[in-house]
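>>> Pasted the sequence and its predicted model underneath.
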Amino acid sequence: MSSEAPAPSKKATEPILYGFPSTDDLSQALANFVLAAQDEALKKQATFKIAISGGSLPKVLGKNLIGRSDVPWDKWEVFFADERVVPLDHEESNFRLNDENLFTHVPIPRQNIHVIDTSKLDDPEAVADDYEKQLVASFVGSSSIAFPRFDLVLLGIGPDGHTCSLFPGHPLLNEMDGWVAWLDDSPKPPPTRITLTYPVLNHAHRVAFVSSGESKQEIMEKVLDHPEEGLPASRVKVISPGRVYFFSDEAALGRVKYERTKFEDSSKL
Ligand SMILES: O=C(O)[C@H](O)[C@@H](O)[C@H](O)[C@H](O)COP(=O)(O)O
């Protein structure tokens, strides 16, 4: 049985799980959460730095962010938590997916959306190096030099427990130095991708996993109730005072015993 408790009942290192009756409730709460993270970031700095994945996330994200009033979109700086090494207009591109679901509907300046260098598509290492340079250029001067500190990273969870393009058993799970890594053997097509590494995820102020639908029940149970299995999503352990959050609909949480936290007002972030 699930239970709901206020956030303070959880240890600072434990993920917060928000469960919602429907995907639309999830989507609305996620929009509030993102905007609260944005407000907090803009109190301290000139831009809100967010990294976003692909999969089903962009649709859930865009649905309730588009049309929000008074969003300082010109202060958003967007990176991709992972990207497929394909042209930007390719149907497999995470840029394209996010573009269709969010960017084309809101006035984020195009130069603030950091895309892969498509002149290097036949050399994924060069694509990863270039993307890392884009991060360096954006984050240099911030308090953390060893690793960038995103204000918010939004991730999905695959049926095998992968997140970003960090797949179970893959050597990239052990990459602890670089900021951006590449692979050409992704078990989820397309095979050639770049991804943020664990240290980058773990230095973020917040990482939020978004998952919905019954097909996620088995993997959500493993990730939340059995983190000792060490699936890629369970290995995201954000350094305190940063925090990991899960936003799921109850359809995805059908088997999950992990304690739910009531999502109240994200302005209290
Ligand atoms: O580009 C990708 O493939 C994604 O970034 C990947 O990590 C995705 O988030 C998960 O596979 C979950 O995808 P779904 O939400 O579609 O299940």
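Now that the structure is in, tell me what you want to look at. Numbering: from 1, shown residues only.
>>> Output stretch 114-125 in CSV with nothing but the alpha carbons.
Output of stretch 114-125 as CSV, limited to C-alpha atoms (Å, rounded to 0.1, in the frame of the first residue of the first chain):
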residue,chain,number,x,y,z
HIS,A,114,22.5,23.7,-27.2
VAL,A,115,22.4,21.2,-30.0
ILE,A,116,25.0,18.7,-31.2
ASP,A,117,27.4,19.8,-34.0
THR,A,118,25.8,18.1,-37.0
SER,A,119,28.9,18.7,-39.1
LYS,A,120,30.6,15.8,-37.1
LEU,A,121,27.9,13.1,-37.3
ASP,A,122,30.4,10.5,-38.6
ASP,A,123,32.6,11.0,-35.5
PRO,A,124,30.6,10.6,-32.3
GLU,A,125,33.7,11.2,-30.1
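>>> Please identify which helix or strand holds Lys222.
helix 217-225 (DSSP states H and E).
>>> and that helix, how far out from the chain's middle?
With C-alpha atoms, centre = their mean, to the nearest Å as the basis, helix 217-225 stands 18 Å off its chain's centre.
>>> and the very next helix or strand once past it, which strands flank it?
Next helix or strand after helix 217-225 toward the C-terminus (DSSP H and E): strand 243-249. Counting by DSSP bridges, the strands paired with strand 243-249 are strand 16-20 (parallel), strand 206-211 (parallel).
>>> what is the mean pLDDT for the last one?
It refers to strand 206-211. In this model, strand 206-211 has an average pLDDT of 98.
>>> swap in the shortest one?
Averaged across strand 16-20, the pLDDT comes to 97.
>>> Leaving out chain neighbours, which residue sits closest to the residue of the stretch 101-250 of the chain found nearest the ligand?
Closest contact between the stretch 101-250 of the chain and the ligand, by C-beta to the nearest ligand atom, is at Gly156 (2.5 Å). C-betas here are computed from N, CA, C, even on glycine. Spatial nearest neighbour of Gly156, excluding adjacent residues (C-beta to C-beta, 6 or more residues apart in numbering): Gly55 at 3.9 Å.
>>> just Ala233 next, same as before
In space, Ala233 is closest to Thr163, 4.3 Å off (C-beta to C-beta, 6+ apart).
>>> Pretty sure the one you found sits against Phe246.
No. Using C-beta atoms under 8 Å as the test, Thr163 is too far from Phe246 to be in contact (11.2 Å).
>>> shared neighbours of those two, which are they?
Phe209 (C-beta atoms under 8 Å, 6 or more residues apart in numbering).
>>> What about the residue in the stretch 1-150 of the chain that the ligand sits nearest to, how many residues nearby?
Nearest residue of the stretch 1-150 of the chain to the ligand: Gly55, at 2.4 Å (C-beta to the nearest ligand atom). Gly55 has 18 neighbours, counted by other C-beta atoms under 10 Å.
>>> What of the one 5 residues further on?
Residue neighbour count, defined by other C-beta under 10 Å, stands at 24 for Val60.
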